[in-house]
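Undergrad: need a 3D model of the sequence below.
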Amino acid sequence: LAVAAAAHLRGLDSWRALDLFACGLAAAHVVVSLGCLAAGCCYGRVAPAAAWPVWRFGEGTVAWHDLAASGAMPLAARLTPPLWAVQPVQAAALALVTAGLVIYARRPRGGRVLGAYLVAAAAVWLALAPWREGGWHGLGSVTGLAGAGIALTLGGHAHRLLAPGRDRTGSDPRRVPRRV
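TA: Residues are numbered from 1 along each chain as shown. A predicted model of the protein is given here:
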């Protein structure tokens, strides 16, 4: 909402600003996923020995402390047992989503880019949930994320179709942005 309000105050199309914001938000989500990998948080479940892709975390990471505290590994272990590598898979999937959003946002989409990001981020989370430690916790927030994405996408379509004076790209040809 802050992005839309700031764009409106500057005389810019709020929907276009939200679409461009979605691309940056998706790229930031990739970086956050890599940060989770570095910290060892949001780690995967213990994987079978021959599984792939797996990751092992060292001493001092959140995963190491959690597993040592729960008794899933001895305190003397320098590495965790093999865990499903959900963070790098999530980062790779979100990088693909980001690339798709950047291509999709090249033309004004009336908020549908942000909606697509929210739906795609929820889909990535749901796809990885069975391999994540804690499994399906947070499902309510993810379904809310997907619901918000669907609502934004539909809102973008309604805005484009119902707003008077707008062309089919969602921009108002009568409105000239203010220069500051």
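
Undergrad: tell me which element the spatially most central residue of the chain falls in.
TA: With distances taken as Cα atoms, centre = their mean, the chain has residue 121 as the residue nearest its mean C-alpha position (4.0 Å). Residue 121 is part of helix 112-128 when elements are defined by DSSP states H and E.

Undergrad: could you list every helix and strand in contact with that helix?
TA: helix 14-39, helix 86-104, helix 139-162 (3 or more Cβ pairs under 8 Å, 6 or more residues apart in numbering; DSSP states H and E). C-beta here means a position set from N, CA and C on the backbone, and glycine is covered the same way.

Undergrad: now what about the second one, what contacts it?
TA: If I follow you right, that is helix 86-104. 22-23, 26-27, 29-30, 33-34, 36-37, 42-44, 53, 55, 112-113, 116-117, 120-121, 124-125, 127-128, 131-132 (Cβ atoms under 8 Å, 6 or more residues apart in numbering).

Undergrad: drop anything exposed from those.
TA: Neighbour-count burial (16 or more other Cβ atoms under 10 Å) applied to those gives 22-23, 26-27, 29-30, 33, 36-37, 42-44, 55, 112-113, 116-117, 120-121, 124-125, 128, 131-132.

Undergrad: surely residue 23 meets residue 105?
TA: Yes: the pair residue 23 / residue 105 is scored as a contact, 5.5 Å apart, by Cβ atoms under 8 Å.

Undergrad: for this structure, give me the ranges with low pLDDT.
TA: 135-180 (pLDDT under 70).

Undergrad: and residue 5, that one's in a helix?
TA: Yes: counting by DSSP: H, G, I helix; E, B strand; the rest coil, residue 5 is located in a helix.

Undergrad: so what's the residue count around residue 86?
TA: The tally of other residues near residue 86 (other Cβ atoms under 10 Å) stands at 26.

Undergrad: what's the distance between stretch 118-134 and the middle of its chain?
TA: Stretch 118-134 sits 10 Å away from the centroid of its parent chain (Cα atoms, centre = their mean, to the nearest Å).

Undergrad: using CSV, list the CA coordinates for that stretch.
TA: The C-alpha trace of stretch 118-134 is given here as CSV (Å, rounded to 0.1, in the frame of the first residue of the first chain):
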residue,chain,number,x,y,z
LEU,A,118,2.2,-13.7,-4.8
VAL,A,119,0.6,-16.8,-6.4
ALA,A,120,4.0,-18.1,-7.6
ALA,A,121,5.7,-17.5,-4.2
ALA,A,122,2.9,-19.4,-2.5
ALA,A,123,3.2,-22.2,-5.1
VAL,A,124,6.9,-22.6,-4.5
TRP,A,125,6.3,-22.7,-0.7
LEU,A,126,3.6,-25.3,-1.1
ALA,A,127,5.7,-27.4,-3.5
LEU,A,128,8.6,-27.5,-0.9
ALA,A,129,6.5,-27.9,2.3
PRO,A,130,6.7,-31.7,2.4
TRP,A,131,10.5,-31.6,2.6
ARG,A,132,10.7,-28.6,5.0
GLU,A,133,11.3,-29.1,8.7
GLY,A,134,7.9,-28.4,10.4
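
Undergrad: much appreciated, bye for now.
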